[in-house]
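Participant: Dropping the sequence and predicted coords here.
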Amino acid sequence: MSLRAKIANELNSPEMLKFLGQMMLALGIAVIALRPLIFAGTPYLWGGDYNTFWAASWLAQHDGLTQLYGTKMLENIPTLTAPAPPWFYPPPMLLLVYPAAWLPFIYSYAVFVGLSLLAAIAIWKCWKLERLYLLLLLAAPVTLLNILYGQNGLITGALWIGGLLLLPKKPFIAGCVLGLLVIKPQLIVLAPLLLLVSRNWSALAGFVFSATLLMNISWFTFGPEVWLHFVSNASGVTALMQTGSVIDVTKIGSLYMAARMAGDSHIEALIGHSLFALLAIIICCHLWSKRDVAFGLKAAAALVTVLLITPYQFIYDLTLLLGAIVFWYQTTGHKWRGLDRFCVWLLWLSPLLAQGMASTIGIGCLPAILMLALWQIAASQDTGTKPA
């Protein structure tokens with residue numbers, strides 16, 4: 001065995017992964033513990049993005065939903081110490097966050113983070129994974145970012161991964177779980193396409209059922225006017241993407257934003273992103289259309305492709321990559337090549353790499369990382385375990 005192979009095996013041994021996971025978890029806890037001292041007086045110290053959820057909840061409970069949709073910061077919300085970022089989510093998301101304002105902001109934020117972690121741990125338990133996987137989940141940079149921002153990445157990740165886990169044996173229920181992603185439309189568009197390509201009609205029926213049910217509940221709960229405001233606000237969201245105002249563009253890891261940071265116009269960036277997304281969809285759909293490809297590879301490819309196709313993709317959505325890594329490892333882990341291992345490390349560290357490079361040198365590296373991983377996953381079909 002060559003020296004390079006020995007080093008690679010050592011870096012990916014359970015003992016080394018456990019050590020690195022413990023170190024990263026300790027670092028994450030230290031960041032959370034020391035944050036009040038380092039950033040004393042910062043208005044967005046905790047849950048800078050959760051402000052939006054809490055503000056939306058307060059407006060919904062005080063008949064203020066007409067103020068919700070727009071492209072400006074949400075101001076004059078009682079007890080919030082800083083304006084909340086604009087609300088871009090569809091009405092079904094209001095059903096999820098409606099109880100938020102029942103508690104004062106800091107307690108509500110803590111409960112939300114706790115429930116999000118419980119959702120991620122529940123997936124780990126259902127998957128019956130080793131404790132090492134739980135350690136690497138809790139220590140992952142994307143987990144820390146979701147905690148600090150107060151974002152929903154762990155919840156949407158649990159829905160996508162949970163739906164894929166259920167798909168082989170309980171397709172209708174799996175479709176119902178995937179349909180709940182209607183709370184975040186940019187992450188749901190790939191699901192029905194893959195169910196169509198794989199001709200999984202039972203799962204597709206479950207998907208349509210739960211998505212339609214959730215939309216109807218929000219329609220009757222909040223009224224049709226809220227849906228009209230959501231649709232009319234779409235052009236405003238596009239404008240914000242073009243200008244980068246209000247939104248922290250370093251959190252966006254799509255090829256569209258990478259091209260914009262490189263100096264391309266809106267149209268040029270959109271065309272480039274669309275072609276890039278089309279390539280990713282073709283690769284993923286090709287895998288899902290083949291019956292002799294291991295389901296784990298299909299699932300891993302789907303979780304990576306979801307993040308490649310939307311221009312409105314934020315780094316806290318990269319929780320999906322944790323599921324992609326596990327699906328990929330369980331299928332072909334014992335036959336990984338050097339480049340595969342390198343891709344996995346890139347995926348795990350991608351939130352730090354993406355936001356770090358975007359903030360410091362203005363380069364969006366995430367699309368290249370994701371496409372490299374998708375390509376390697378597709379290439380693994382020749383070595384992966386075949387389905388029975």
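Facilitator: That came in fine, so what should we check first?
Participant: tell me the contacts of residue 141?
Facilitator: Taking CB atoms under 8 Å, 6 or more residues apart in numbering as the contact definition, residue 141 lies against 24, 28, 348, 349, 351, 352. Where you see a C-beta, it was placed from the backbone N, CA and C, and this is true even at glycine.
Participant: From those residues, list the buried ones, please.
Facilitator: When these are checked for burial by 16 or more other CB atoms under 10 Å, the buried set is 24, 28, 348, 349, 351.
Participant: returning to that earlier point: which one among the contacts of residue 141 gets closest to residue 324?
Facilitator: Proximity to residue 324 was ranked across those by CB to CB; first place goes to residue 348, at 10.2 Å.
Participant: Let me see the contact set for that closest one.
Facilitator: Taking CB under 8 Å, 6+ apart, we find residue 348 in contact with 136, 140, 141, 321, 322, 325.
Participant: Could you pull up the residues touching the fourth one?
Facilitator: In other words, residue 321. Contact partners of residue 321, counting by CB under 8 Å, 6+ apart, are 142, 303, 304, 307, 347, 348, 350, 373.
Participant: out of those, who's nearest residue 100?
Facilitator: Checking the contacts of residue 321 one by one against residue 100 (CB to CB), the nearest turns out to be residue 142, at 22.1 Å.
Participant: so the closest one touches residue 324, yeah?
Facilitator: No. Applying CB atoms under 8 Å as the test, residue 142 and residue 324 come out as separate, 11.9 Å apart.
Participant: Compare the two and say which is more crowded by neighbours.
Facilitator: Looking at residue 142 and residue 324 with other CB atoms under 10 Å, you find the greater number of neighbours at residue 324, namely 29 against 26.
Participant: secondary structure element for that one?
Facilitator: Secondary structure here is read from DSSP states H and E; on that basis residue 324 sits in helix 320-332.
Participant: Please apply the same query to residue 143.
Facilitator: Taking DSSP H and E as the criterion, residue 143 maps to helix 141-149.
Participant: Report the angle between that helix and helix 320-332.
Facilitator: Following axes from the mean of the first three to the mean of the last three CA atoms, to 10 degrees, one obtains 160 degrees for the angle between helix 141-149 and helix 320-332.
Participant: any idea which helix or strand comes after helix 141-149?
Facilitator: Sequence-wise, the next helix or strand downstream of helix 141-149 (DSSP H and E) is helix 153-166.
Participant: What's the mean pLDDT across the following helix or strand past that next one?
Facilitator: Scanning forward in sequence from helix 153-166 by DSSP H and E, the next helix or strand is helix 171-179. Taken as a whole, helix 171-179 has a mean pLDDT of 96.
Participant: helices or strands up against whichever helix or strand comes after helix 171-179?
Facilitator: The element immediately downstream of helix 171-179 (helix or strand, assigned by DSSP H and E) is helix 190-197. Helices and strands touching helix 190-197, by 3 or more CB pairs under 8 Å, 6 or more residues apart in numbering; DSSP states H and E, are helix 171-179, helix 201-222, helix 266-289, helix 295-309.
Participant: quick one: buried residues of helix 190-197?
Facilitator: Residues of helix 190-197 classed as buried by neighbour count (16+ other CB under 10 Å): 190, 191, 192, 193, 194, 195, 197.
Participant: Can you pick out the most distant pair from those residues?
Facilitator: Comparing all pairs in the buried residues of helix 190-197 by CB to CB, the longest separation belongs to 191 and 197, at 11.0 Å.
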